[in-house]
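[1] just coords:
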C-alpha cells in the first residue's frame, strides 16, 4: 500500500535536498584550488540556502500559493551532453561548473518526477515551480560554463 503524500512530506523532502546541495557545495568549495571555482561553489551554497529558507517559509504559511515564480527557461542541455567530472582537489572552474550543472539537473529531475506523481493541485504546482527554479539555476551555471570553456578570442 502506497502512503499518501501530503504537502508537509513533500516540503520536508525538498528542504532536505536543498540542505544536501548546500553541504555538497560547501565541501567542494573547500576542496578546489582555483579561487573562482571556490567562489562559485560558495555562491551556489548561498542560493540553495535561500531555497531552503523559501521552502521553510512556504511550510509555515508565510508564502501564499504561487509565490514561487514559474517562468519558461531555456535549457542549453550541456550537462546532458558532457560527462560528469570527478571531484578532485584540483578541480578546474569549467569542471566545477559542469558538476554544478549536473547537480541542478538532478534537482530539476527530482522535482519533475515528484510533480508527475501528483494530481493537479497545490503540491503539484509547488513541485513544478521548484523544478522551474532548478532549471533556471542550471541555465545560469551552463551559461557561465560556456564562457569559461569556450572563451572569446580577441578576433571575436
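    In hand now; what should we look at? Every value quoted in this text rests on a predicted model; they were computed, and no experiment measured them.
[2] in this structure, which helix or strand is least confident?
    helix 78-81 (a mean of 62; mean pLDDT, DSSP states H and E).
[3] nearest spatial neighbour of residue 89, skipping sequence neighbours?
    residue 31 (5.1 Å; Cβ to Cβ, 6 or more residues apart in numbering). Bear in mind the C-beta positions are built from the backbone N, C-alpha and C, glycine included.
[4] Surely that neighbour and residue 88 touch.
    Yes - using Cβ atoms under 8 Å, residue 31 is in contact with residue 88, at 7.5 Å.
[5] Return the set of buried residues in the helix or strand that the least confident helix or strand of the chain is followed by.
    As assigned by DSSP states H and E, the chain's next helix or strand after helix 78-81 is helix 93-116. Going by neighbour count (16 or more other Cβ atoms under 10 Å), the buried part of helix 93-116 is 93-105, 107-108, 110-112, 114-115.
[6] What is helix 93-116 packed up against?
    helix 7-31, helix 35-59, helix 78-81, helix 122-149 (3 or more Cβ pairs under 8 Å, 6 or more residues apart in numbering; DSSP states H and E).
[7] Just name the most buried of those helices.
    Mean neighbour count (mean count of other Cβ atoms under 10 Å) peaks for helix 122-149 among the helices and strands packed on helix 93-116, with a mean of 20.
[8] Let me know the average pLDDT across that one.
    For helix 122-149, mean pLDDT is 85.
[9] In space, what's closest to the residue most central in space within the chain - neighbours in sequence excluded?
    Geometric centre of the chain, nearest residue: residue 104, 3.3 Å, by Cα atoms, centre = their mean. Leaving aside its sequence neighbours, residue 104 sits nearest to residue 138 (Cβ to Cβ, 6+ apart; 3.7 Å).
[10] from memory the one you found sits against residue 109, does it?
    No - Residue 138 lies out of contact with residue 109 (Cβ under 8 Å); the separation is 10.2 Å.
[11] where does this structure have low pLDDT?
    Residues of the chain meeting the criterion pLDDT under 70: 1-5, 63-83, 153-156.
[12] Please repeat the previous calculation with a cut-off of 50.
    Scanning the chain for pLDDT under 50 picks out 1-3, 70, 72.
[13] residues in contact with residue 145?
    Taking Cβ atoms under 8 Å, 6 or more residues apart in numbering, we find residue 145 in contact with 78, 94, 97-98, 101.
[14] do you know how far it is from residue 98?
    According to Cβ to Cβ, to the nearest Å, residue 145 and residue 98 sit 6 Å apart.
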